[in-house]
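Engineer: Return a 3D structure for these sequence lines:
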Amino acid sequence: MANMKRFYRYFKVDTTREEIEKVVAEGFDPDKYAHSRTMKGVYCPPDSDALVGKSLYLRCEQREYGFSFPSINEVVFSEPGEPDKKNYVNVKTLDNEIYFVNFLVPGYATSRQITLIADTKTGCGTVVDAHVGTEYTNIDVGRDFFFGRFDGEFEGGELHGYTTEMVGTAIEWSYGPDAITVQRHIYNSNLYYTYGNVTKSGAWMATNPADYVKIRDNIYLFSFVEERQGGVQATFLMDLNQMHDVGCFYSAGHEHLSSACVGAIGKKADPFIIF
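Structural biologist: The predicted model follows:
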């Protein structure tokens, strides 16, 4: 059998801080940044109003975060010693217990994104605190993970934390019949993952740094950065009981600011046969 054509993928690896700041300043409008151009598809759940009128305060070992939700697409974000900040928010859920909360924080020249995974049954939470720009590049997203518990009375459970349970598995994800289908996500390391796809231009694969967090049994937070490519961060709440995920792509690349939620359905795949 003849080999499939390989797609040569060229990337403009970096850009200037001034260009990033210009993209952020011109694109800081949810009508622009909060909608995926290619990957929203039909599997992204609608925004949930379950948190409207409620407040959550997360205490982590090194950080504290407050969240209140006056309306379905509005969050008031607080941190000790800082003024409260209000902005547009997406709140998604796959089971009406665990929520994927995603928003940009106003006032940052190259942008800052907060992604909260809030388990309203156990009272445990994870924050991915991300920003565009690292010590190595202007375009790559840098981020930190913080694990904690919410104030109040909850059922209780094990604190979220890094895991190796996904290593050695693979899933094929689809965002819908008219959206991109990712041929494979191969979870081949606790620090990296590999993915592949087939396009009209040929087949390609890439390996990127990744992090895996266990939320509950068969429910994980998976996040990666397209290092040395477009710098994009993708963060997914994956429910492997349903084989469904919800997530967000975040970047301030060469063209536009993006903080757009997506959703996909998956099926288990062979991690060794890609194409």
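Engineer: elements contacting the host helix or strand of residue 266?
Structural biologist: With the criterion set as DSSP states H and E, the secondary-structure element containing residue 266 is strand 257-268. Identification of packing neighbours for strand 257-268 by 3 or more Cβ pairs under 8 Å, 6 or more residues apart in numbering; DSSP states H and E yields helix 17-27, helix 30-33, strand 90-93, strand 98-104, strand 169-174, strand 244-252. Yep, even glycine has a C-beta here, placed from its N, CA and C like the rest.
Engineer: Kindly provide the whole-number mean pLDDT of that strand.
Structural biologist: Predicted confidence along strand 257-268 averages 95 (mean pLDDT).
Engineer: Go ahead and confirm residue 100 touches residue 92.
Structural biologist: Yes - shown here, residue 100 and residue 92 form a contact pair, counting by Cβ atoms under 8 Å, at 4.4 Å.
Engineer: who's more crowded, these two?
Structural biologist: Neighbour tally, residue 100 and residue 92, criterion other Cβ atoms under 10 Å: the higher count belongs to residue 100, 25 against 21.
Engineer: Could you give the bridge partners of the more buried one?
Structural biologist: residue 92, residue 117 (DSSP bridges).
Engineer: Could I get the contacting residues of it?
Structural biologist: Counting by Cβ atoms under 8 Å, 6 or more residues apart in numbering, residue 100 touches 90, 91, 92, 93, 115, 116, 117, 237, 246, 247, 248, 261.
Engineer: Kindly report the same for residue 115.
Structural biologist: Contacts for residue 115 were tallied using Cβ under 8 Å, 6+ apart; they are 100, 101, 102, 127, 128, 130, 235, 248.
Engineer: would you turn the residues you listed into CSV with pLDDT?
Structural biologist: Compiled in CSV, these are given as follows (pLDDT from 0 to 100):
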residue, pLDDT
100, 98
101, 98
102, 98
127, 98
128, 98
130, 98
235, 98
248, 96
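Engineer: And those, which is closest to residue 265?
Structural biologist: The nearest member of these to residue 265, counting by Cβ to Cβ, is residue 100 at 15.6 Å.
Engineer: how deep is residue 67 tucked in, by neighbour count?
Structural biologist: A count of neighbours around residue 67, defined by other Cβ under 10 Å, yields 24.
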